[in-house]
Structure formats: C-alpha cells, structure tokens
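> structure for this input, please:
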Amino acid sequence: MSVLPICITGEPVLHRVADPVESFDSTLRDLVADMIETMHAAPGVGLAAPQVGVGLQLFVWSYRGGGAFDRRYKDILGLDDGAARGYNSAMSGVVVNPTLELVWDDDGIGAILPTQPDMTNESEGCLSVPGVQYPLRRALGAILRGYDADGNVVRIAARGWLARIFQHEYDHLRGTLYVDRLDTPYRESSRAHVAERGWGIPGYTWTPGERA
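The predicted model follows:
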C-alpha cells in the first residue's frame with residue numbers, strides 16, 4: 001500500500017464527472033487499498049478517487065462516530081441503535097459506481113435544525129481544500145447503492161454524519177466540491193482562501209505527512 005498525493009482544487013479531475021469503473025480486478029483493489037491508506041494518513045473520514053487524480057466512480061470512507069452533529073442530535077436520530085433500525089451498519093467501506101438517494105426528513109429532526117447551518121455542528125472540511133472548514137446544510141439521511149471492490153452489491157442506509165460523508169464523497173464523483181455549495185459569506189471566504197494560496201489552477205497536490 002502507498003500514500004498517494006491528494007489533488008487540490010483547480011486540478012481538472014476534481015471538476016468533472018468521473019467515469020464508471022469497468023473492471024473489478026487487482027488494479028482496482030490496489031487502488032482501493034492505497035486510497036484507504038491515504039485517507040487514514042491524511043487523516044480524513046472519506047476519500048474519492050478523483051482526489052488522488054483518478055477519474056473513476058469510487059470512494060472509501062471510515063467514520064468512528066462521535067462527531068459534533070451526531071453528539072448533538074444522536075437521540076433524535078436514534079444513532080445509538082442505528083444498526084438495529086437498519087442504518088449506519090457499515091461505518092467503513094468502499095463503494096464503486098454508486099448512486100445516492102437523499103432523505104431530507106423535513107418533518108423530523110430537520111424541522112428543529114437552525115434556519116442556517118452552524119459552525120459548531122455542521123462545518124465540513126475537504127482534503128482537496130485543506131486548511132479551512134465551513135458550515136453547510138446537508139440531507140439528514142441517504143441511501144447508498146453500488147458495488148464493493150469485488151463487484152458485490154452494496155446498499156447502506158445512513159443517518160447523521162455518515163450520511164453527510166456519503167453526500168460529500170458522492171459530490172466528488174460528480175465534479176462538485178463542498179465549497180461549490182456554500183452560501184454567502186462562506187463562498188466568498190473559501191474563494192479568498194484558495195486565491196491567497198495560488199490554488200484554483202492545475203498542478204497543486206499535497207501528500208499526507210507533508211505541508212499542503
């Protein structure tokens with residue numbers, strides 16, 4: 001396994017729709033192993049293939065729970081017995097050629113969330129825009145479908161932060177970074193952060209263990 005360089009915003013592979021995986025072979029399994037190693041080294045809770053310069057439809061994730069959002073809303077979300085309820089049964093894994101169905105839950109927990117996303121509980125970061133975090137409202141649930149690295153069918157229902165991870169990584173496969181979804185004033189702040197570092201053009205990467 002190897003730790004791979006992570007592409008920074010501006011690299012074209014991050015801003016276009018990734019191609020479907022056609023071969024479930026040893027090359028794919030090696031890529032998945034390297035992505036998992038890179039994700040843990042970063043460290044991060046998810047990593048999509050375009051982030052390591054590979055324009056294919058797959059991502060990996062690993063989340064131990066306990067994030068600020070999940071701590072704040074765990075009782076309402078039922079996270080302590082999520083697996084028994086049929087969701088959050090796979091807190092780490094890989095998905096290839098995924099689809100994602102969003103569950104907004106506007107009548108449940110969604111109805112009591114603040115009007116605007118808040119810094120404490122809803123801030124995201126991204127390994128391809130290192131150094132900052134911004135609040136973003138996401139769907140509270142998601143159903144992920146696809147295949148594992150051996151071509152076996154995957155279906156995972158998620159709630160809370162795991163659902164957010166799925167949405168974030170799935171966006172990468174569609175050529176969308178989380179900063180593309182930000183509202184004012186966070187959109188302007190993220191653009192300033194990128195501009196100050198000279199990013200936004202091809203050629204910038206960072207490798208975990210080195211400074212971005």
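> ok now the helix or strand harbouring D75, how far from the chain's centre?
Using DSSP states H and E, D75 maps to helix 68-77. Averaged C-alpha coordinates place helix 68-77 at 19 Å from its chain's average position (C-alpha atoms, centre = their mean, to the nearest Å).
> show me the helices in the protein, by range?
In chain order, the chain shows helices spanning 26-41, 68-77, 82-85, 119-122, 161-173, 186-196, with DSSP state H as the criterion.
> tell me the most buried of those helices?
Highest mean neighbour count of the helices of the chain: helix 161-173, a mean of 24 (counted as mean count of other C-beta atoms under 10 Å). C-beta coordinates here come from the backbone N, C-alpha and C atoms, glycine included.
> which secondary structure elements does that helix contact?
strand 46-48, strand 58-62, helix 68-77, strand 92-103, strand 141-147, strand 153-159 (3 or more C-beta pairs under 8 Å, 6 or more residues apart in numbering; DSSP states H and E).
> make CSV from the ones you listed and add mean pLDDT to it.
Converted to CSV, the helices and strands packed on helix 161-173 look like this (pLDDT from 0 to 100):
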stretch, mean pLDDT
strand 46-48, 98
strand 58-62, 98
helix 68-77, 90
strand 92-103, 97
strand 141-147, 97
strand 153-159, 97
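> how many residues are close by P117?
Other residues near P117 number 20, with proximity taken as other C-beta atoms under 10 Å.
> N152 too?
That count, for N152 with other C-beta under 10 Å as the rule, works out to 9.
> next: A139.
A total of 19 residues lie near A139 under the criterion other C-beta under 10 Å.
> what residues does W61 make contact with?
W61 makes contacts with 39, 45-47, 92-94, 162, 165-166, 169, as judged by C-beta atoms under 8 Å, 6 or more residues apart in numbering.
> from the residues you listed, which is closest to E122?
Of all these, the one sitting nearest E122 is I165; the distance, using C-beta to C-beta, is 13.2 Å.
> give the contact list for R72.
Contacts here follow C-beta under 8 Å, 6+ apart; on that basis R72 touches 120-121.
> on that earlier part again, pipe the helices of the chain into TSV and attach distance to R16 per row.
Listed next are the helices of the chain as TSV, based on distance: least, C-beta to C-beta, whole Å:
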stretch	distance to R16
helix 26-41	18
helix 68-77	30
helix 82-85	34
helix 119-122	27
helix 161-173	10
helix 186-196	18
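> ranking those helices by mean pLDDT, which is last?
In terms of mean pLDDT, the lowest-scoring of these is helix 82-85 (a mean of 87).
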